[in-house]
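Peer 1: Give me coordinates for this.
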Amino acid sequence: MPLLRRFSSGWLLYFVFALSLPCLAVDWPPVAPEELKMTDLPEQKGAAAVILLRDELADDVNNYHSVYMRIKILTDAGKRYADVQIPYGRRYFNIDSVSGRTLHADGSVVNFEGKVFDKMVEREKIGRGEEFRVHVKSFSLPDVQVGSIIDYKFSLRYADNLHSPPEWIVQQDIFQRKAHFKFIPYEGDLLLAHNRVGNGVQWTSYLPTKGPQPKFTRLPVSELTSRHEQQSYVELSMTSIPAVVREPLMPPLSAIRYRVSFYYMVNQNPEDYWRDEGHFWSKDVEKFLDHKDGVSETVEKITAPTDSPEQKVRKIYAFVSGLENQSYRRKREQQEQKIIGLKTNEGAADVLRQQSGDHDDLNRLFVAMVRAAGIQAEMMWVASREERLFQPELLNTDQLEAEIAIVHLGDKELFLDPGSKYCPYGLLDWRYSAAKGLRQNAAKGTEIAEAPLPDYNQAQIQRLARLQLSEDGKATGTVKIGYYGIEAMDRRQKAGNTDAEGKKKLLEDELRGWLPGDSEVSLVGTPNWDDTEQHLSTEFKVTCPIGVGAGKRLLIPIHIFQVNSKAVFAASERTNSIYFWYRTREIDEVHMAVPSGVEIESLPANDSVKLDYALYSTTQKQDAPGSIVARRDMVMAGVAFPPTEYKELKAFYDKAKTGDDQQMILHGAPHAELK
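Peer 2: Numbers count the residues shown, from 1 in each chain. Model prediction:
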């Protein structure tokens, strides 16, 4: 929901409701008898709740949005919808006119007369040095039971000199019978970012092509009954809106659910829009980079004249990576920042002077230093694939979240990200790899481009177990684990804000989750947490109850790191695309010595499944008398797949699960009864 000023400043703020927003009704709409009697939803059997009626009004002339929601509670699980949370930005917005009620199946009514609570939940960066504090208004509707209907409404208001075109989040987590949306845009001139004047509203719609679409209505002056009545509005009415289907390994929710995004425009051509926005962004970047006092001197100190270009880039990368990264620290309160003298970085020189910066500050400093070393480098502004996928038809730069660096070494381009904590040289944080956005281009100014996707060997886990099996089926020994590339970065980032005991627990809990229940796991030594350029190396002592006795036979799972794994795709059908985030590889090796007097009766057969983009293979053999070794290799070299390829993917993972579940059979000596 962009927030604009009427000719008062040149920035653009984006804010999106988690809920949607409807009409300021004086009275509650009438309830149909069949709605009170309703016990199930024919369109979605077993649904926890259903939205019977939803109405949203965004009035950018009178500076308010309003929401009305009517929900039928069908099961105990549906009672959670009685706890309402309304996120908003308290700096610019105010929530008021909150009201609600509960209607029971017998027609009795319990009005909401409780307290509305307010708390801050997070801070969001909205610009260089600016934060947007997100608050939540929350309240609980009274005496909600299965069969109840809940009504609630509220208004969001903002100052007269501001405007906030909405984003209609049409699709919700539950089925909707009826939904109505209306937007009354401001028709005068607006000052947009970079002091451009906008006039006229546009929207980008992500709705089923065969269903209703937003309709723009402009009333002739002759039909207006008042000089204050607005001449134009956009409206959308929909019925039988399916619930969002949440499935494992799916794209970001913001990329797949029905929605309509509004914005005020300077020009309507996407190519012109992105060219202009790229120009303004690149100009801002260059201004930051040109504020470079001390940059050349620092480069001379940390590099040698005899260094090759790549050696210089690596040394600069290591230097920048070692600076304080504000994006991976708790947010400092303004008073604390004032005490320590930390100010907003306005240029590369400021980052150097303060030895501190956020993600983008550090990447900008890196590019400034690489240029100072005489090497070509530029910036790229990308979306975060964790949150959204870049869509050029959506004319809004708020899709773009982070800046990464591009360095030219001969005919090779390196995409680098020292601003992501613990990101090794040559890689990007996975959120920014394969992400699209704007990049600087010497010939074109800027262009829409895509960052590369790492190879599966750059997101790898290797596990090695050496175990001694006892007659009662308990295995003791050591496990060594190596995390490589993205996998190492992920764990280092997760552990970055905790102490030594917290880091130890993080690793032990992960291994414990892979091994059979009641396994004892103890980390040995201290892993190389801060050596970003090396894989994260760990070692553990373990005791695992893995055997199941059957007379003189003992059944042993041979791939012990997979005993708790669930089917990757359990459902027979698929609605959404499949999205793996990044390419991966797992390599497991298990050495197991059996007790004296116990024979290996049978081992599982070797197995292999191969697709154009995936591989699974296992081998099991006796390595020596009384000892077996099992190896497993799993590669996923694809990322995004349409639902039409689901059956092939499911079949691959089902076969892999069958291979992982195989067991070997041990047999006791004639006079040795296995316990």
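Peer 1: just for this structure, where's the confidence low?
Peer 2: Residues of the chain meeting the criterion pLDDT under 70: 1-26, 123-132, 221-230, 330-341, 550, 669-675.
Peer 1: change it to 80
Peer 2: The chain contains residues with pLDDT under 80 at 1-26, 90-91, 121-133, 193-194, 199, 219-231, 266-268, 329-343, 549-552, 668-675.
Peer 1: all helices for it, in order.
Peer 2: Using DSSP state H, the helices of the chain run over 33-37, 253-256, 270-290, 295-302, 309-321, 334-340, 348-354, 359-372, 486-495, 500-514, 646-660.
Peer 1: show me what contacts residue 142?
Peer 2: For residue 142, the contacting residues are 102, 110-114, by C-beta atoms under 8 Å, 6 or more residues apart in numbering. Bear in mind the C-beta positions are built from the backbone N, C-alpha and C, glycine included.
Peer 1: what's the closest of the helices of the chain to residue 64?
Peer 2: Nearest to residue 64 among those is helix 253-256 (25.0 Å), distances taken as C-beta to C-beta.
Peer 1: where does the closest one sit relative to the chain's centre, distance-wise?
Peer 2: 11 Å (C-alpha atoms, centre = their mean, to the nearest Å).
Peer 1: Can I get it in CSV, CA atoms only?
Peer 2: Output of helix 253-256 as CSV, limited to C-alpha atoms (Å, rounded to 0.1, in the frame of the first residue of the first chain):
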residue,chain,number,x,y,z
LEU,A,253,2.7,-16.8,-1.0
SER,A,254,2.8,-13.2,-2.4
ALA,A,255,3.6,-14.6,-5.8
ILE,A,256,0.7,-17.0,-6.2
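Peer 1: Give me the buried stretch members for it, please.
Peer 2: By neighbour count with 16 or more other C-beta atoms under 10 Å, helix 253-256 contains the buried residues 254-256.
Peer 1: And the residue nearest the centre of the chain?
Peer 2: Closest to where the C-alpha atoms of the chain average out (C-alpha atoms, centre = their mean) is residue 386, at 2.8 Å.
Peer 1: isn't that residue right up against residue 432?
Peer 2: No - checked against C-beta atoms under 8 Å, the pair residue 386 and residue 432 is beyond contact range at 9.5 Å.
Peer 1: tally of neighbours for residue 588?
Peer 2: Residues lying near residue 588 (other C-beta atoms under 10 Å) number 22.
Peer 1: how much space between residue 501 and residue 546?
Peer 2: Distance, residue 501 to residue 546, using C-beta to C-beta, to the nearest Å: 28 Å.
Peer 1: The two: who's more crowded?
Peer 2: Using other C-beta under 10 Å as the criterion, residue 501 and residue 546 rank with residue 546 on top: 22 against 8.
Peer 1: Distance from the chain centre to stretch 282-296, please.
Peer 2: 31 Å.
Peer 1: What residues sit buried inside it?
Peer 2: Residues of stretch 282-296 classed as buried: 282, 285, 288-289, 291-292, 295 (neighbour count, 16+ other C-beta under 10 Å).
Peer 1: So for residue 106, what's the nearest residue that isn't a sequence neighbour?
Peer 2: residue 36 (8.0 Å; C-beta to C-beta, 6 or more residues apart in numbering).
Peer 1: could you list every residue that touches the one you found?
Peer 2: Contacts for residue 36 (C-beta under 8 Å, 6+ apart) come out as 103, 105-107, 149.
Peer 1: doesn't residue 144 make contact with residue 150?
Peer 2: Yes - in this structure, residue 150 is within contact of residue 144 by C-beta under 8 Å, at 6.1 Å.
Peer 1: list residues touching both of those two?
Peer 2: Shared contacts of residue 150 and residue 144, defined by C-beta under 8 Å, 6+ apart, comprise 73, 82, 102.
Peer 1: So which of the residues you listed wins on neighbours?
Peer 2: Busiest of those [other C-beta under 10 Å] is residue 73, holding 25 neighbours.
Peer 1: Relative to residue 86, how far out is that one?
Peer 2: From residue 73 across to residue 86, the span is 19 Å (C-beta to C-beta).
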